[in-house]
Each structure stands twice: as structure tokens, then as C-alpha cells.
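S.K.: Need a 3D model of the following:
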Amino acid sequence: MSDIMRPLPFANLVRWCLDEYKAKGSVFGLDKDAFYVNRMGTQYVTPFGDKIASAIGPAAGPHGQLAQNIIVSYLAGSRFIELKTVQVMDGEAIRKAVAKPCINAEDEAYNCEWSTELTCEEAMDEYIKAWLAIKVLALEFELSDGNDMAFNMSVGYDLKGIQTPKVNNFIDGLIDASDTQPFREGIAFLKEQVGLFKNVRLEDIEAISPKICHSIALSTLHGCPPDEIERIASYLIKEKRLDTLVKCNPTMLGYERVRGMLDQLGYDYIAFPDKHFLQDLQYEDAVPMFNRLAALARGEGLVFGLKLSNTCPVDVKRNEVPSEEMYMSGRSLMPLTCNLALMLSKAFDGKLPISYAGGADALNVNELLKVGIGPVTVATTVLKPGGYRRFTQMAKVSEELLAPFTGIDVDGLERMVDALMESPRMQKRWREKVGTRKTSSELPLFDCDKAPCSQGGCPIEQQIPEYNALVAAGDYDGAMRVIAIDNACPTITGILCAQPCREHCTRLDYDVSVHMRDVKHVAAEHAQDAYTKKLKPVPLREGVKVAVVGAGPGGIAAAYYLRRNGVEVDVYEQRSASHGIVRYAIPSFRISEEDIDRDYRMAKAVGVRFYFNTKVDDPTALEYAYDYVILATGAWGKGRSPVREGDGKVIDALEFLIDVKENGAKDLGRRVAIIGGGDVAMDAARTAKRMNGNPDVTIVYRRTEMYAPASQDEWDGAMSDGVVWRELLAPRSYDGKTLVCERQKLGAFDESGRRACLGTGEYEALEFDTVIGATGSTVIGDVFKAWGLECDRWGNPYVSDAMESSKDGVYVIGDCRKGPSTVVSAMGDAKKAALDILDREELPNDFVRVEVTLDEKDIIAKRGMLELPKAPEDEGQRCLHCSQVCRVCMEVCPNRANIAIHVDGFDRAAQIVHIDGFCNECGNCATFCPHSGRPYKDKLTLFWSKEDFDDSDNIGFLKKEDGGYLVRDERGRILNVDEGELETALDNRMADVIFALEVQEPWLFI
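M.R.: All right, here's what the predicted structure looks like:
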């Protein structure tokens, strides 16, 4: 495909807005329920005197580039519109210089692009078209009189470039567009077509001011000399008579300070040299310069201020973008920007205006406005799911704070900065150590809606959105019925589940993933006992018997799934009770015996037979008596020693937990060390903290907390119990008193995605009375050899995707298959094995998918709304119900290049179509699509020109002038299809989508 954006002619732009609004109640995909009206009637008065209806808007980035982006920004609530930066290098030259994809906003954002990819002339045209369109659309949609906004242009990067004719014409054209072609033609079109509007009169059009911008932001390249910055700003003030903002870089804080803040907040992996910090504008040069520029502006009757801040230059270390250097923004930038704002506000006693950009969102915008910082512009938050709708929430929550600028409250800003540095939301761990939310599924051409929490996140494919909705509605019985379809341990997983689902929850890119485990526990607490009482064993199907060896969660799940489908199942367990490690090792303060028994009763109720205190010594006997055998014996053996010397003095964590569970509290001495960074280490530490004498407990880990395998919940629980965390220490020896550790440093990223540990040769001796090693457990004995199973070099059995071993009819599931894992992973193995057995026996299964359909408008209304966790019984309200409505690619595209169209005859009514002419291959939709694919490459694509069609490999179509189509189909064939022959020449689904576009959205065909 081509990465060249094709601006819409003004007539098409206006007609598109009006036609789409009439047909669908939306404009460029933004539903009218997100159109913003300031109901309070408050006004924000910018430092430049603009009276606007909100104090927020897009930063000078992708959302301020094309006319439709600016229009949608306004409709959603933006009233201070920063236009994307223009410079002398433009158009094709800048496109060649920018590697694609150029944006990665997975968490904190990175980009390797900087100014508009349009030519200067095209950029001016787009901004004027947007200005005119907003003026009439605001009236037409009854949002305002169209005069409640301000445009702010941005230019760079040196005086020579700014004084070139094309940049100079751009500036002059936005100062007064009267004589520009796009303004004259736009006004003429609106006058001629005034009949298109219901609420726009001829005099409204004639009253549209051509004076689009009276303020400008100056952006300079890193290393720009102070005198050059001052010359440019002076030129803009004196010669162009513009209120002027100078963008400052966070490098002004100094290398050591920035490095220290990022390390403190957990962003130690972000790498950068000190060169920009040495070459960029320094504080001691900036303050006197800003004083001179402020005085110059006052003398000219203008305003001088600052734009804080520019992005922060950092090195590409993890293939974030295809470049050597990139620019950081988002939540990791906010502490830097606010500290810079404080430093400069102190220097000017709060009198120097600051327009803000740097990690703001709906949950913190008011903190900025309260202290007098504003307007507040954003890019990263609106690049994430919810997209432009996030502007709506920001505008609404800040309405009551709108007022004229009277200065910055320096003391208040200092308090805000102090709180910010302590805020959990600023910590990297707020994202709970999750990288991408994407799953491994291929992105299909059609029917791509999916709930990644369930499909790709949950090993048992629990129907999470469905039970979330039912619990939120108070239908606990209904929720329990849905949960029990896939889950054999509702209570246990409602308390202990590691929640891999949360790593894929779309809410992760908003605020905090939905706590699905807590929601499930509410249903189990309210309804599981009643559900179990109603269960009856179904009649047995003759001719098939299954033995399960091991009554842990995996073994019980396999038995539960099979028995309720009519298969006779016997479970053999050498211990005296069910659920293995959960019952015998997980601390009682985390889960009770009654909680475990509740799940055991559910398995019994469906007819599973248990034989406890029964060790299987003779595999032959089982193979003779049963058609299938499922091995689920767990991993109970001692793990590898965490020290090279003195391993006999180190207590194994699993043995310790089992001993305490059986025999009660121990005397461990005053000082206890736990070696390891996983969930077992957290359990051992929390248990040790509860031993006699309340000992001091320290976890010793060789990497940093960010790379610890423990779930964030478990780590947080240990820290809240008072456990001490020591990192970058690799234990080497223990003599019963002194634990000697080698200090570590982090190296390059390895295949696991974690940074390698490198020994420094420096050692630290730590005094501990007891050391507990939590570095994994193993399968006891030679189980697999006894069964004659083939294993790999690590002793793990070879299994198929269905968990069948090398021996026909023998399955291996859970921890004994691959080592210690989670309850839900073991159940996932069990479900695969059970389904395979049922399939081989040609028996139907009861793993039905339940539809809990919500009103689509209610689902969409949640989009773009940041919302922190609720009480467990209400937490399901935060679910975004992606299985019913996904559209993430549509939401996150700044250019509106992905659309959703309803087409009959599909599994999912809404189909995604990609518009090539709007796309510049920024890659943002690929980052957030829950599949492994890239919507801008993989979805059905509408082309507007033969040139762009030929320059692409996308499956898609071009409407020809004769009414026919040029089509590239799913096999890569180029087809010429005559008008009226779509159905016979193409796959029915592709033909249906193209036909639906023609009928429902004809404005798409330019």
C-alpha cells in the first residue's frame, strides 16, 4: 500500500460529514453521543485572550494533521487545536526521511516522525478547510456558534527555513486566509450549497473570520543554539506579530535528574545518552532569554509563553520503531514535564504562561488546570483505544475549572509534582508488567471482533464478558451457569487465579484491567452452592472409561468435563484430599479449606468418582481397565538449589509451605531471606512474615522488580505485608548465617523479553537466620519412564496440541507436563484433553457459548471513558464487551482510515474496511489490534486511485470511472469486475461488503 495521505477536497469533506451524520449519526466514525457541548456555560480564557469552551485539545501531532482529524477533535470536545508542525522539509522529502511504522503507543509512547508529511501548501489547505468546516458544523449540529475554539499553529526548526517562501506563506495564510485559494473556494462552496444545512444561514457563512491563528508555537531541533531560538521567537513576535510559545525540551532538567526520575518510576530500561542534555537549551541560558522575549512581547502588545514539553529523545533498544533514535511521550514524560514546569514557574514567579503537553489524560487534567497550567493538549492518550472519545471525557470533567488565565500557583504546582512522583499511576508497574495485549490469532479479513481476555488470554476460554455483564446486572445465578461451562474450579480461580486474561484486557490501555477474578468470586460466593445442589450425574455413555491420575485442579477439571458429558471417570489420588498444591501448600490466609471444598463438591455432584490415598504403581493395570488415562500428578519435587555452596542449609519453598500448612507456625529466627521472584516466592515471604516472632523477611532477586515473574497482585501483597525487596543480587553461598550475593547489572534483552543478568564481580554479605529457596519445583520420580512416554532432554513428555503423549490414549496435563504453572493453565490442558477424547469417541460436548447481548449504544458509550476499579460486585460494569463490539483499529486511527460497516449475513454485523487514502502507515492500529495482524495491511481496503492500488499488496478494490471495479482478491489475483457482476466474480462476503459500502456509505467513493 501507499503511505501517502490523500486530503479530501473541501466539497467532499463537508458532504461526507453531513451525509454520514444523516445516515449513521456519526462523523468520521465519531458517534454523536460523543459530540461535546459545554452545558455549564463556562469559558476558558487562554493567556492569548481566546475565549474557548474547553481547555483541552490535540497536541501538534497526528491528530492535528488532516482536516478530518481536526474536525473530529473539535466535535469530541477539543477547543484549543494545535496544528501539526510545518517546516521547510515537507511532503515527499519528509516521507522519505521517516521510517514506518512510526508510532508505538503500547504504554508510554514512542515515535520517529516529527513534522507534517504534507507539503506546506497542503497543510495550510487542510487547516483552513478544517476551520471552515468546524464553523458550519458547530452550528449545524447545535454545538455552539462556532466561535468557541482557537487554532494554534506550530513551525520549526530554524530561522532560515521559517523565512523561506513556502513556510512564510503558510504562516501568513493562517494569520489571514482571506486571499488564500482554499478559503475563497471554501466560502464560495458553502454559500452555493447553503441548502445542504438546516441550521446554517448565508449570514453565518459570511461572518466566518479568515483570521485563523494569532498564536504560534516554535519547535526547534535538539541542539539548536540559544541565540537561534531567540532570533526565531523575536521574528515571530516582531515581524509576524504573533503571540508566541517556545517549546522546551525535558532535557533542560539535566541528564542526572531525568535519569534518576525515570529510574525511580521504573523506567530504567529507557536508554539515552547525555548528548542532547549537553547540546539543548540550558536553564541558565533559557531564563534570561525568556525574560527578554516576554518583555519584547509585552512591548508589542502580545503574549509570550512556553510550550511544555517537547518529547524526550531516547534510544531504540527493543525494536520499538524502525529507527536508531525515537521520541518518548505519554505517562513517562509527565513527571519530567511537570518538574520542568515547576522549575521554570519558580524562576518567573508563576507569571509565565505554560501551554501543556506531556502525558495528560482525563484522570489528571484537572490537577494541571487547578494550578493554572493550560491549555492542556494531548496525543498519547488519544492514540489508545477509545481514541478521540477520550477528548469528550476530558472536556466534561474539566468544565467547572474553566476560567481566565491569571498565573500559575507555584506552591500548588509544587504539591502536585510531589504527589505525582508518588502516584502509582506514574509508576511503570501500574501496567502490571504487561507489554503487548495482542494475542496469537491471525487477523481475519472479516468477522474480526474478539474479546482477547477470553480468546487468547484465558487458557479455558472462560466467557468473561458474559459473566461480567451478568454479575454487573446482579444475576449471580446466570453468571454461575456461564462460569461453570468452562471452569471446574470457580471458587479457587475466583481467589487464586493468576488472571492471564487481564494481560489482554482492553481496559489495560485505558486505566486498569478489569479484575475478572474478583467478579468471578462474587458469582461463586453468591451462587455456586445453589448451582451445585441442582447438579445431577448425567447417564453414562457405554463403552468408554477414563482414569485420571492426580486430583489437583487439572485432574479434577478433566474429570469434571468428561463426566458431565456422560463419560465414566475415576480419579486416583495418593493424598487424602483433593486439589493438590492449592490445598496442601497455598497459605490459609489466601484460601480456606471451605473454599477448596466448594469446588470439590461441584465435581462430586456431576458424578466423578474419587479414590484417595491410592497410589498408582502399576500403569499396566490402568491401561488394561480404562480406554484413556490422563496423567495429572503435578510437580511436587524440590527445585534446583539457588546457591552454589551450602544448598543443604537452604529450605525448599514448597516444602516450607506444605510443612506450615500441616504443622503450623515455625521458629525461623529474626531474619529470613527468600530467594526468587515468582508467585511461590511471594507466598513463602508472606508466610514467613507470619511465623513466630514476626521476623524481618527479605526477598532477594537477581533482576529488578520489573522482570520478576510474580504477578503484580502477589508482589503488591508481599510489599503490603512489610516484606523487603532486594534486587540485582544473585545468591552464591549460604553457611547457615551469611548469604553471600554477587551484585548484578542488567544487560541486553534476551529471548524471554527480559534483560539478562550480568555479574559485576562485587559481592555483598547479608546476615539471615533462615534462607528459603523459591526457584521452582520438579516432577517427583520417573513417572514418565514408568508409563513408557518419550520425553525431551529436560524430561518433559512430548505431547500433541490435545495433550496426548507419545503413547496412544495417554494424556499428560498440568504441572507434570511442563513444570510449575497455574490453576487455570492446568484446567486449559484438561479441557483440550477432554475435548479430544470426546471427539475421538464421536460424542457431543456441552461447551456451549452463551450470548449475553447488550445494547450496542451502551457499549460504545463506555469507549474513551477512563474509570478506575470498582467494588467487585460492580467491577463488571467496566468491561468493554469487545466480543460484541471491538473496533479498536477504528478508534485508535488518528486519520480515520478504518471504518465499521454493518453487513447482513456475517457472524458479526460490523465489518472493518480500511481506507487507503487516509493512511500513512503509522502502525498504531497494529499495536492495539487484539489479533497478531495489522489492520492497515490485512483488512479489506478501499482505494481511490490506480496509483495507490498498484502500490499496494492489500486485498481490496478500486471503483473505476465506468462503474466497475478493480479488485485484488484473497488469492492475490487482480480482477476487472464489471458493474453488476460483483456477486458472480467475487467471494460472496467480499461482494456483500463492497455492495454495502456502495449502498450505505456512497460518500466513501471519492
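
S.K.: Please make it C-alpha for all contacts and neighbour counts, starting now.
M.R.: Fine.

S.K.: care to break this protein down by domain?
M.R.: For the chain, automatic domain parsing gives the domain ranges 28-423, 464-534+853-878, 545-636+779-840, 637-778, 888-1004.

S.K.: So for Asn104, what's the pLDDT?
M.R.: For Asn104, the model assigns a pLDDT of 98.

S.K.: what do you get for Glu742?
M.R.: Listed pLDDT for Glu742 reads 97.

S.K.: show me the contacts for it.
M.R.: Going by Cα atoms under 8 Å, 6 or more residues apart in numbering, Glu742 touches Leu729, Ala730, Pro731, Arg732, Gly759, Thr760, Gly761, Glu762, Tyr763, Glu764.

S.K.: Among those residues, which one lies nearest to Ala297?
M.R.: Lowest distance from Ala297 to the contacts of Glu742 (Cα to Cα) belongs to Thr760, with 55.6 Å.

S.K.: does Phe151 sit in a helix, a strand or a coil?
M.R.: Three-state assignment for Phe151 (DSSP: H, G, I helix; E, B strand; the rest coil): strand.

S.K.: tally of neighbours for it?
M.R.: Residues lying near Phe151 (other Cα atoms under 10 Å) number 23.

S.K.: do the same with Phe949
M.R.: Neighbourhood size, Phe949 [other Cα under 10 Å]: 23.

S.K.: I'd like to know which elements the host helix or strand of it is packed against.
M.R.: If you go by DSSP states H and E, Phe949 is part of helix 946-950. Judged by 3 or more Cα pairs under 8 Å, 6 or more residues apart in numbering; DSSP states H and E, the packing partners of helix 946-950 are strand 956-959.

S.K.: Sheet partners, orientation included, of the helix or strand just after the strand it packs on?
M.R.: Downstream of strand 956-959, the first helix or strand assigned by DSSP H and E is strand 965-968. Sheet pairing of strand 965-968 (DSSP bridges) gives strand 956-959 (antiparallel), strand 974-977 (antiparallel).

S.K.: ranking these by burial, who's on top?
M.R.: strand 956-959 (a mean of 24; mean count of other Cα atoms under 10 Å).

S.K.: I'd like to know how far Pro62 sits from Pro7.
M.R.: For Pro62, the distance to Pro7 equals 14 Å [Cα to Cα, to the nearest Å].

S.K.: neighbour count winner among those two?
M.R.: Using other Cα under 10 Å, the more surrounded residue of Pro62 and Pro7 is Pro62, with 26 against 18.

S.K.: what's stretch 9-22 in contact with?
M.R.: By Cα under 8 Å, 6+ apart, the list of residues contacting stretch 9-22 from outside reads 26-28, 32, 68, 129, 133, 186, 189, 1001, 1003-1004, 1006.

S.K.: Highest neighbour count among those?
M.R.: Most surrounded of those: other Cα under 10 Å gives Gln68, at 29 neighbours.

S.K.: residue contacts, the most centrally placed residue in the chain?
M.R.: Among the residues of the chain, the one closest to the centroid is Asp509, at 2.9 Å (Cα atoms, centre = their mean). Asp509 makes contacts with Glu106, Asp107, Lys384, Pro385, as judged by Cα under 8 Å, 6+ apart.

S.K.: which one of these sits closest to Asp696?
M.R.: When the contacts of Asp509 are compared for distance to Asp696 (Cα to Cα), Asp107 wins out at 35.5 Å.

S.K.: pLDDT at the closest one, what is it?
M.R.: We have a pLDDT of 97 for Asp107.

S.K.: Check the burial of it by counting its neighbours.
M.R.: When counting by other Cα under 10 Å, one arrives at 21 neighbours for Asp107.

S.K.: Looking at the domains of the chain, spot the one closest to Phe446.
M.R.: For Phe446, the closest of those is domain 888-1004, at 6.1 Å, according to Cα to Cα.

S.K.: pLDDT (mean, whole number) over the closest one?
M.R.: 95.

S.K.: shouldn't Thr775 be in contact with Gly639?
M.R.: Yes. With contact defined as Cα atoms under 8 Å, Thr775 and Gly639 form a contacting pair (6.2 Å).
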